[in-house]
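Participant: Show me the folded form of this:
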Amino acid sequence: MTMWKFSGEVAEFYQRYRRGYPAEIFDKLVVEFGLSTEDTALDLGCGTGQLTRSLAARTRSVIGMDPEPDMLAQARKATSGLTNVNWLVGADSDVPALRTLLGRDSLGVVTIGQALHWMDHATLFPALRSLLRPGGGVAVLTNGAPMWLHESSWSKALREYLSGWLGQPLVRTCGAGQEEQDRYRASLEAAGFATGSDVVEYEDEIDLEFVIGAVYSATPEDRLPKPAERAGFEERLSAAISPYAPFVEPVQVRILIGRKG
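Facilitator: Numbers count the residues shown, from 1 in each chain. Below is the predicted model:
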């Protein structure tokens with residue numbers, strides 16, 4: 001699968017404007033996989049570490065793994081006080097090589113947060129299963145659909161503006177759609193996992209700065225507006241959506257569980 005390059009300034013926007021996950025998500029993972037301070041976790045496609053940080057408080061150690069060094073550089077800055085997190089440059093295709101790193105240890109959980117749509121899940125899940133202890137498993141998390149895909153007036157206006165700017169319709173759900181979730185579940189089951197799911201829903205009122213920052217965080221580096229162009233880009237975006245304020249975003253956090261017997 002072709003990877004967009006989320007590096008440079010995009011990684012900085014990602015760290016500042018990608019929201020974290022509710023604490024109850026991690027409580028569910030602890031119960032689901034029987035996690036303890038004896039366990040090692042892998043956060044695959046960790047980005048700037050929104051999941052990694054919370055896992056670190058609930059396990060012995062966490063490996064945050066991502067193919068983009070600039071993402072990991074931001075993650076290191078955000079977790080400078082944590083001593084049980086290790087950052088590793090690598091993609092899903094590098095997962096089998098983790099056996100050498102882990103030695104005789106096994107993983108208690110592997111989390112994949114809003115990143116599985118960049119990976120070859122049919123190949124990945126069998127590779128992960130061999131690294132997990134009995135009772136451990138995989139948690140595929142989606143932190144809500146993109147803010148421009150909701151049915152509110154401001155979201156529709158944002159979608160129209162961004163589609164015109166990019167010259168193409170915006171339809172990708174980044175793994176949050178039901179069709180994608182069904183494919184992921186089928187792949188987990190084909191790899192021998194017992195599956196389950198859960199949902200946490202809430203609403204978040206955000207401001208214009210957050211909307212703009214979130215858009216920049218989802219834009220590949222080569223498509224990001226140049227610094228001299230940003231004032232105009234932001235003024236036009238504001239004009240498009242400001243009549244529909246306040247900006248209330250419904251967030252549906254979906255958890256797809258694959259448990260190893």
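
Participant: all contacts plus neighbour counts: C-alpha atoms, from now on.
Facilitator: OK.

Participant: Please work out which residues outside the helix or strand where residue 32 lies touch it.
Facilitator: Take DSSP states H and E as the rule and residue 32 turns out to sit in helix 23-33. Applying Cα atoms under 8 Å, 6 or more residues apart in numbering, the contact partners of helix 23-33 are 35-36, 54-55, 58, 108-109, 135-137, 139, 200, 259.

Participant: Residue 141 belongs to a strand?
Facilitator: Yes: Residue 141: assigned to a strand according to DSSP: H, G, I helix; E, B strand; the rest coil.

Participant: if I pick it, what's in contact with it?
Facilitator: Residue 141 makes contact with 111, 112, 113, 114, 253, 254, 255, 256, according to Cα under 8 Å, 6+ apart.

Participant: Do I have it right that the second one meets residue 41?
Facilitator: No: the pair residue 112 and residue 41 fails to qualify as a contact (Cα atoms under 8 Å) at a distance of 11.1 Å.

Participant: More neighbours: which of these two?
Facilitator: It is residue 41, of residue 112 and residue 41, that has more neighbours when counted by other Cα atoms under 10 Å, with 26 against 21.

Participant: tell me the phi and psi of the more buried one?
Facilitator: phi -120, psi 150 (degrees, to the nearest 10).

Participant: Name all residues that make contact with it.
Facilitator: 55, 59, 61, 62, 63, 107, 108, 109, 110, 111 are the contacts of residue 41 under Cα under 8 Å, 6+ apart.

Participant: Tell me how far it lies from residue 132.
Facilitator: 9 Å (Cα to Cα, to the nearest Å).

Participant: Including distance to residue 126 and secondary structure, could the contacts of residue 141 go into a markdown table?
Facilitator: Below are those laid out as a markdown table (distance: Cα to Cα, whole Å; DSSP: H, G, I helix; E, B strand; the rest coil):
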| residue | distance to residue 126 | secondary structure |
| --- | --- | --- |
| 111 | 15 | strand |
| 112 | 15 | strand |
| 113 | 18 | strand |
| 114 | 20 | coil |
| 253 | 25 | strand |
| 254 | 22 | strand |
| 255 | 19 | strand |
| 256 | 16 | strand |
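
Participant: which two in these are spaced the farthest apart?
Facilitator: In these, two members sit farther apart than any others by Cα to Cα. They are 111 and 253, at 13.6 Å.

Participant: between these two, which one's more packed in?
Facilitator: Neighbour totals were compared for residue 111 and residue 253, and residue 111 leads with 25 against 20 (other Cα under 10 Å).

Participant: re earlier: could I get the contacts of helix 23-33 as CSV with secondary structure and pLDDT?
Facilitator: Formatted as CSV, those follow (DSSP: H, G, I helix; E, B strand; the rest coil; pLDDT from 0 to 100):
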residue, secondary structure, pLDDT
35, coil, 97
36, coil, 95
54, helix, 93
55, helix, 95
58, coil, 95
108, strand, 98
109, strand, 98
135, strand, 97
136, strand, 98
137, strand, 98
139, strand, 98
200, strand, 96
259, strand, 98
